[in-house]
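1. Sequence first, then the predicted structure, then my questions.
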Amino acid sequence: MFPFPLLNIFVVASKVKEEDSKYDPALYQRGDLLEVPRTLFTHFGIYLGDNRVAHFIPDILPVVSKNKSAIARMVTNSRLLLGVIAKAGSIRVDSVADFAYGSEIIVNHMDQVCSQPALHGDEVARRAEKLLGSIAYSLLWHNCEHYVMHCRYGMAISYQTYQFCTTVRKIVCSRMSAFLTALCGITVMLFLDSVTPLTTIPTMLISFTIWMAS
């Protein structure tokens, strides 16, 4: 009977082998656009070949440190979150498994969505490699989707940003939003005892504008 430490080694080795087979590099071609679903968003990258994926990710570490070995390690959630807040990021290369972070990988799904035809795989990968390095990051206006869309289709757009802005517009311009805006404004004015034309007119004007736009 094997001792427990040796048994643990076999279990870990089995898990590593299973993880490697889950992300078999042979399934991807150079220039493929890879996407992995996250809890609140989808993350994108470009496959470069040899088990390497270029992707744009928010990261605070390059801003506060010059330690290349530390920066090269997989980006943690805290590094990512602080990068979003600081609007700092980097286009970096990671293994397929590190890029996927346990999620399922979808290949070239954007080919069915984008009206622009995809560039040749080598050209896509060359574009991705050319942009490697630290760069400013914006959750809505300059994110990982803008990066891969530029590399594969030649236009830096983000469908996630468009969907988010559309949803926000629907919420802000809804009739319920107009009603709640007017109600909050009136409540504040009464609470502060400041019912004057300078406070009443802007409150009613904003509510009326939202109502008419809904």
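-> Great, that's in hand.
2. and for stretch 67-75, what are the contacting residues?
-> Outside stretch 67-75, the residues that touch it by Cβ atoms under 8 Å, 6 or more residues apart in numbering are 57, 59, 61-62, 65, 83, 90, 92, 94, 98. In short, each C-beta sits where N, CA and C put it, glycine included.
3. go on, stretch 129-139?
-> 48, 54, 56, 58, 62-63, 83-84, 87-93, 142-143, 147, 151.
4. hmm, back to that, tell me which of the contacts of stretch 67-75 is nearest to S158?
-> Within the contacts of stretch 67-75, proximity to S158 (Cβ to Cβ) peaks at I57, which comes in at 14.7 Å.
5. Would you confirm that the closest one contacts G83?
-> Yes: assessed by Cβ atoms under 8 Å, I57 is found in contact with G83 at 7.4 Å.
6. list residues touching both of the two?
-> Counting by Cβ under 8 Å, 6+ apart, the residues touching both I57 and G83 are 75, 89.
7. any low-confidence regions in the chain?
-> 1-21, 168-214 (pLDDT under 70).
8. hmm, back to that, any of the contacts of stretch 67-75 buried? List them.
-> For the contacts of stretch 67-75, a neighbour count by 16 or more other Cβ atoms under 10 Å gives the buried set as 57, 59, 61-62, 83, 90, 92, 94, 98.
9. those helices in this structure, which residues are they?
-> 4-22, 61-64, 68-72, 77-86, 96-100, 121-130, 144-153, 159-172, 175-192, 197-213 (DSSP state H).
10. quick one on the thing from earlier: now the contacts of stretch 67-75 in CSV, with distance to I106?
-> As requested, these are arranged in CSV below (distance: Cβ to Cβ, whole Å):
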residue, distance to I106
I57, 18
D59, 23
L61, 28
P62, 28
S65, 33
G83, 24
S90, 23
R92, 21
D94, 17
D98, 17
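11. domain parsing for this structure?
-> Following automatic domain parsing, one finds the domains of the chain at 18-166, 173-213.
12. Pick the most deeply packed of the ones you listed.
-> domain 18-166 (a mean of 16; mean count of other Cβ atoms under 10 Å).
13. residue contacts, D32?
-> 46-47, 107-108, 121.
14. returning to that earlier point: can you list the buried ones among the contacts of stretch 67-75 in CSV and add distance to Y23?
-> Below are those laid out as CSV (distance: Cβ to Cβ, whole Å):
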residue, distance to Y23
I57, 18
D59, 22
L61, 24
P62, 26
G83, 24
S90, 22
R92, 17
D94, 11
D98, 9
